[in-house]
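Participant: Coordinates for the following, if possible.
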Amino acid sequence: MEHALQQGPREGEGPDLPEADSGGPPPLGFGRCHPPLGPLLSRIGGTPLVPLHRLSAGLLRPGVELWAKLEGFNPGGSVKDRAALHMVLEAERSGRLRPGMTILDSSSGNTGIAYGLVGAARGYAVRLCLPANANRERKALLSALGVEVIETDPLEGSDGAIREARRLAAADPNAVYLDQYSNPANWGAHVRTTGPEIWAALGARLTHFVAGLGTSGTFTGTSRFLRSVHPAVRCVAVQPDGPFHGLEGLKHMESSIQPAFWDPASADAQLFAPTEASLALLRRLGREEGVLVGPSAGAALWGALEVAQQLDQGVVVTIFPDGAERYLSDAHLWGRAGR
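Facilitator: So this is what the prediction gives:
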């Protein structure tokens, strides 16, 4: 693990916590909104937090626990439901997003699907820049939700989609570019929801929080909240171990357009996940725990195990960003078990 672990200084504070509508510390949940969220969007968040007893048996010392938050249980099937809803609500509150306008952004898939869900429920059209090599499940879900998709050069990945979204935003005054990679409401969603949910479940027993880096919103917001109530918690970020990887949804920060709010100093440590080892754990999760997840969850699990195996006592929590349903056509992920 010595070669995979990169230490980060604790003194970096990152951005300030988002304020509530009336000022002061953020409330739990997504705050007041008009019109009200309704029964569908109100189900975003509150996802299960489960122990991984079978998979970790024999790998960890008796005093160490490993838990995972299953974000595939959100209505839109991923952790991005939280960020998409909060970004839309904040754009409404600021007056940037009004009836008749179009939500515009780039995505590798999950945020776009979340925008489609939230946009339909709130009455907005959605336009999404998406790498052309996104798999068929994601494209089918976006189509079913009525999202207008602009496919971008697959060789440029998510960075090419970002550049095209910026170009379209400059040309269309009726489109509101929510810019998930720079929007503080992205990580603010996790200050308001994900962090408080983990704290409510585990409290001061929690010793370590581990999360993968895509936009870095989940890591940034959740770790900010957890440190605000529990300064002793250690927060570890996971990214792929190189620019050419198979961990869909994660960014290798050095070789990518970095999110505006990503601050390496906000992580107590960084881990660099190998693709094959992460995908092997993805397959084990299904067979040994009955938990079906996507590739980024495999990397998060790899990182959480790396941390947990160093401990004599502790409780380690990680985030599984989505479920497996939108990856089942990617046969290489599943090996023999997926054939």
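Participant: pLDDT (mean, whole number) over stretch 238-248?
Facilitator: For stretch 238-248, mean pLDDT rounds to 86.
Participant: Show me what counts as buried in that stretch.
Facilitator: 238, 239, 240, 241, 245, 246, 247, 248 (16 or more other CB atoms under 10 Å). No exception for glycine: its C-beta is placed from N, CA and C like everyone else's.
Participant: Which of those sits closest to residue 308?
Facilitator: Among the buried residues of stretch 238-248, residue 238 lies closest to residue 308 (CB to CB), at 13.1 Å.
Participant: quick revisit: out of the buried residues of stretch 238-248, which is nearest to residue 174?
Facilitator: Comparing the buried residues of stretch 238-248 against residue 174 with CB to CB places residue 248 closest, at 31.4 Å.
Participant: Does the closest one touch residue 298 like I think?
Facilitator: No - look at residue 248 against residue 298 with CB atoms under 8 Å: they stay out of range, at 10.0 Å.
Participant: Please enumerate the helices of the chain.
Facilitator: 38-41, 53-56, 80-94, 110-122, 136-144, 157-171, 184-189, 195-202, 217-229, 275-289, 295-308 (DSSP state H).
Participant: before we move on, the earlier item: so which of the buried residues of stretch 238-248 sit within strands?
Facilitator: If you go by DSSP state E, the buried residues of stretch 238-248 have 238, 239, 240 in strands.
Participant: and residue 112, what does it touch?
Facilitator: 105, 126, 128, 130, 138, 142, 147, 149 (CB atoms under 8 Å, 6 or more residues apart in numbering).
Participant: pLDDT check: weakest of those?
Facilitator: The minimum pLDDT among the contacts of residue 112 falls on residue 138, with 92.
Participant: which residues touch it?
Facilitator: 109, 110, 112, 113, 130, 326.
Participant: try 6 Å this time
Facilitator: By CB atoms under 6 Å, 6 or more residues apart in numbering, the contact set of residue 138 is 109, 326.
Participant: how near is it to residue 78?
Facilitator: From residue 138 across to residue 78, the span is 11 Å (CB to CB, to the nearest Å).
Participant: swap in residue 46?
Facilitator: The value you get for residue 46 to residue 78, if CB to CB is used, is 15 Å.
Participant: Please identify which of those two sits among more neighbours.
Facilitator: residue 78 (26 against 11; other CB atoms under 10 Å).
Participant: Poorly predicted segments of the stretch 51-200 of the chain, please.
Facilitator: Scanning the stretch 51-200 of the chain for pLDDT under 70 picks out no residues.
Participant: Okay, the closest residue to residue 229 other than its chain neighbours and residue 164: tell me how far apart.
Facilitator: Nearest residue to residue 229, sequence neighbours excluded (CB to CB, 6 or more residues apart in numbering): residue 199, at 5.7 Å. For residue 199, the distance to residue 164 (CB to CB) stands at 39 Å.
Participant: what does residue 116 give?
Facilitator: 18 Å.
Participant: okay, those two: which has more neighbours?
Facilitator: Legend: neighbour count by other CB under 10 Å for residue 116 and residue 164, higher for residue 116 (26 against 19).
Participant: Which residues are in contact with the more buried one?
Facilitator: 126, 142, 145, 147.
Participant: Likewise for residue 64?
Facilitator: By CB under 6 Å, 6+ apart, the contact set of residue 64 is 308, 311, 314.
Participant: Kindly recompute the last result at 10 Å.
Facilitator: Contact analysis of residue 64 by CB atoms under 10 Å, 6 or more residues apart in numbering lists 56, 207-208, 307-316.
Participant: out of those, who's nearest residue 155?
Facilitator: Looking across the contacts of residue 64 and measuring by CB to CB, the closest to residue 155 is residue 307, at 34.1 Å.
Participant: my guess is the closest one meets residue 318, correct?
Facilitator: Yes - with contact defined as CB atoms under 10 Å, residue 307 counts as touching residue 318 (8.8 Å).
Participant: Which neighbours do those two have in common?
Facilitator: With CB under 10 Å, 6+ apart, residue 307 and residue 318 have common neighbours 66, 208, 209, 210, 236, 238.
Participant: Would you reformat the helices of the chain as a markdown table and include distance to residue 333?
Facilitator: Formatted as a markdown table, the helices of the chain follow (distance: least, CB to CB, whole Å):
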| stretch | distance to residue 333 |
| --- | --- |
| helix 38-41 | 29 |
| helix 53-56 | 17 |
| helix 80-94 | 19 |
| helix 110-122 | 16 |
| helix 136-144 | 12 |
| helix 157-171 | 18 |
| helix 184-189 | 26 |
| helix 195-202 | 27 |
| helix 217-229 | 21 |
| helix 275-289 | 6 |
| helix 295-308 | 6 |
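Participant: and residue 257, which of the ones you listed is closest to it?
Facilitator: The closest of the helices of the chain to residue 257 is helix 157-171. By CB to CB, the value is 4.8 Å.
Participant: List the contacts of that closest one.
Facilitator: 102, 104-109, 112, 127-134, 150-154, 156, 175-182, 214-215, 243, 249, 251, 255-257, 259.
Participant: Show me which of those residues are buried.
Facilitator: 102, 104-109, 112, 127-131, 134, 150-152, 175-181, 214-215, 249, 251, 256, 259.
Participant: Let's see which of the residues you listed end up in strands.
Facilitator: 102, 104-106, 127-131, 150-152, 175-177.
Participant: Looking at these, which one is closest to residue 231?
Facilitator: residue 105 (34.2 Å).
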